[in-house]
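Q: pasting a predicted model and its sequence here:
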Amino acid sequence: MKLKERKAIKEISSKDKEVVLAGWLHELRDLGKVKFLLLRDVSGIVQCVLKDKKLFKKFSELTTESVIAVKGVVKKAAVKSPEVTRKEIEIEVKELEMINKAETLPITVTEKGIRIALPKRLDYRVIDLRKPRTMAIFKIQSQIIYAFREFFSSKGFIEIQTPCIIATASEGGTALFPVRYFEKKAFLAQSPQLYKQLAAISLEKVFCTVPVFRAEKHNTTRHLNESRQMDIEVAFADDFDVMKLLEECVKFIVKKVKERCKDELNILKISLKVPKAKYLSYEEAIKLLNKHGVDLKYGEDLTPEAEKKLCSLFPNSIVFVHSWPLSLKPFYIWPKNEKVSAGFDA
């Protein structure tokens, strides 16, 4: 069996006469005269049937999550298993090869009737990544970043890579992780803000996808010690130009994820809608929130309660709040006048 002839499960055609597949053994079923196995690769799961008695001994030696290769004939089928992604076909196995036999694993991949706690899943993350739901999240994340790059590259933006070790804070309001940089004290970057602004005054339009680190308590829904930030900076543009770009970008990303990740969205049972956009000045937002029972005065920052209220008032929308008081924004935000900044939140 030549693995260089291997085909991805997603790419199997009903017109294929014979295929070579390789992946992980997802599940085994022994019905006596006929044996079944579900084979999984990163593109999907297909049912394989063993009818040749010469293969039964090899079948008896198999364990779930073993790495195997099969060569077989493509047959039309109507597979009912909800885990199988190629329900319209099955593979009648002619050759079976064990590439690497799996021992008993500390967590299962199928999770039929078993729900494994998150701490244990994280302890064995390398195995947890094999779960179709976990895999779906990573595939969608990959498409989000790809679509982000695709959108801004098409607009003439230049991608930059900003430093992750910095000498001082680049953004106010967040705590820093200190690190030793030889004989000097340094910090993990909590934002690419200053670097992208410095780049924009020469390169005009830049974007980046960078790791950021914030020394905040992370046991809330609002904080992460480490995350990936997708960021842009534009010269010769005002705040509304930038907001419009971001609105178009979010809509583009959602549209592309809907087009390219249909199977993954189905696995996660998520129904995406391309969002609308709502623009409010800070003053309009405060008045609207007061009207709906949220007590905020002009000059105060929006609370989590206020942000949730705005989202509930404009469902399935990107809500932009612009024209903030200058006193609420950091030094690097462009001032429109002595009192109002060009800063915005979304």
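A: Looks like it came in fine.
Q: which parts of stretch 312-323 are buried?
A: Neighbour-count burial for stretch 312-323 flags Leu313, Ile318, Val319, Phe320, Val321, His322, Ser323 (criterion: 16 or more other CB atoms under 10 Å). The C-beta positions use only the backbone N, C-alpha and C, and glycine is treated the same way.
Q: how about the nearest residue to the last one, chain neighbours excluded?
A: It stands for Ser323. Excluding the flanking residues, the one nearest Ser323 by CB to CB, 6 or more residues apart in numbering is Ser281, at 4.3 Å.
Q: burial count for the one you found?
A: 15 (other CB atoms under 10 Å).
Q: what does the one 10 residues further on give?
A: Number of residues near Lys291 (other CB under 10 Å) recorded here: 9.
Q: would Ala78 count as being in a helix?
A: No: using DSSP: H, G, I helix; E, B strand; the rest coil, the assignment for Ala78 is coil, not a helix.
Q: that one touches Glu88, doesn't it?
A: Yes: applying CB atoms under 8 Å as the test, Ala78 and Glu88 come out as touching, 7.2 Å apart.
Q: between these two, who's got more neighbours?
A: When neighbours are counted by other CB under 10 Å, Ala78 and Glu88 differ, and Glu88 comes out ahead with 11 against 8.
Q: out of the buried residues of stretch 312-323, list just those in helices.
A: Secondary structure from DSSP state H places Leu313 of the buried residues of stretch 312-323 in helices.
Q: can I get the buried residues of stretch 312-323 in CSV with distance to Met1?
A: Shown next, in CSV, are the buried residues of stretch 312-323 (distance: CB to CB, whole Å):
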residue, distance to Met1
Leu313, 61
Ile318, 51
Val319, 56
Phe320, 57
Val321, 60
His322, 62
Ser323, 66
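Q: which member of the buried residues of stretch 312-323 is positioned nearest Phe56?
A: Ile318 (58.2 Å; CB to CB).
Q: where does that closest one land on pLDDT?
A: Listed pLDDT for Ile318 reads 97.
Q: which strand residues bridge it?
A: Beta-bridge pairing for Ile318 (DSSP bridges): Ala277.
Q: so Val109 makes contact with His26?
A: Yes: in this structure Val109 lies within contact range of His26 using CB under 8 Å: 6.9 Å.
Q: same drill for these two, tell me which one is more crowded.
A: A direct count of neighbours by other CB under 10 Å for Val109 and His26 places His26 higher, at 22 against 19.
Q: what's the closest non-adjacent residue to Ala304?
A: Not Ala; residue 304 is Pro. Per CB to CB, 6+ apart, closest to Pro304 is Arg222, 6.7 Å.
Q: hmm, I typed the wrong one, I wanted Gln197.
A: Here the residue nearest Gln197, using CB to CB, 6+ apart, is Glu233, at 5.6 Å.
Q: neighbours around Lys71, how many?
A: Neighbours of Lys71 (other CB under 10 Å): 19.
Q: residues in contact with it?
A: Met1, Glu18, Val19, Val20, Leu21, Val93, Lys94, Glu95 (CB atoms under 8 Å, 6 or more residues apart in numbering).
Q: change it to 7 Å
A: Counting by CB atoms under 7 Å, 6 or more residues apart in numbering, Lys71 touches Met1, Glu18, Val20, Lys94, Glu95.
Q: for the residue positioned nearest the centre of the chain, what is the enclosing helix or strand?
A: Centroid-nearest residue in the chain, with CA atoms, centre = their mean: Gln141, separated by 2.0 Å. According to DSSP states H and E, Gln141 maps onto helix 132-154.
Q: any idea how far Met98 is from Arg214?
A: The gap separating Arg214 from Met98 is 47 Å, by CB to CB, to the nearest Å.
Q: neighbour count winner among these two?
A: Neighbour tally, Arg214 and Met98, criterion other CB under 10 Å: the higher count belongs to Arg214, 20 against 15.
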